[in-house]
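What shape does this take:
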Amino acid sequence: MKMKTIVRKATKKDLKDVVRLWIELINYHNHLDKRFWNRAANGPAKFQEWMKQSLTDSKRILLVAELSGNVVGFTHGMLKQSPPPMQPRLGGFVTDFVISKAVRREGLGSKILKKLEAWFIAKGAKEITLTSAAKNLPAMSFWAKKGFDHWTFTMWKPLRNPGTRNN
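Now for the predicted structure:
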């Protein structure tokens with residue numbers, strides 16, 4: 001029996017599940033690369049408040065993927081204007097995108113992305129940008145299959161206080 005899939009705008013009652021999935025996402029990334037993906041003790045509460053604000057912000061969208069009544073994925077997108085020295089151009093930016101590990105590779109990511117793209121188009125965005133952890137190879141493969149291409153690379157280097165010794 002095929003399970004019913006729904007992709008819809010999130011509501012306040014979805015925030016607990018969105019935070020649960022965000023924690024799953026951060027824990028996965030922390031496993032891949034401990035240099036950056038370390039959530040603060042109050043990180044989940046701060047993330048929940050940020051997502052709550054998106055529910056009423058016309059420049060942001062929070063979508064959830066529901067499978068048989070259970071929230072198993074979400075994405076958060078926002079509109080971004082190009083920097084002032086560049087020609088004016090409105091783009092969409094994906095801040096978070098996660099499908100629970102238990103239900104990946106069942107088409108939910110494609111469905112939620114399609115709805116997100118439609119929202120960006122309706123708002124006048126000309127493209128979508130996102131960042132993906134360099135070591136998250138399944139995500140890189142997903143985005144490439146969906147037509148995303150490398151545009152910039154984000155580089156990282158920790159800074160050390162000159163008064164301390166490097167270990």
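
list the contacts for the residue positioned nearest the centre of the chain?
Nearest to the mean C-alpha position of the chain, by CA atoms, centre = their mean, lies Asp96 at 1.0 Å. Applying CB atoms under 8 Å, 6 or more residues apart in numbering, we find Asp96 in contact with 22, 25, 74-76. Yep, even glycine has a C-beta here, placed from its N, CA and C like the rest.

Go again with 7 Å.
22, 25, 75-76 (CB atoms under 7 Å, 6 or more residues apart in numbering).

which one among the residues you listed gets closest to Ser110?
Thr75 (11.7 Å; CB to CB).

how close does the closest one get to Lys101?
Distance, Thr75 to Lys101, by CB to CB, to the nearest Å: 16 Å.

picking that back up, among the contacts of Asp96, which are in strands?
75-76 (DSSP state E).

Next, format the contacts of Asp96 as CSV and append neighbour count and pLDDT.
CSV is the format used below for those (neighbours: other CB atoms under 10 Å; pLDDT from 0 to 100):
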residue, neighbour count, pLDDT
Trp22, 21, 94
Leu25, 21, 92
Thr75, 25, 96
His76, 22, 97
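
Perfect, that will be all.
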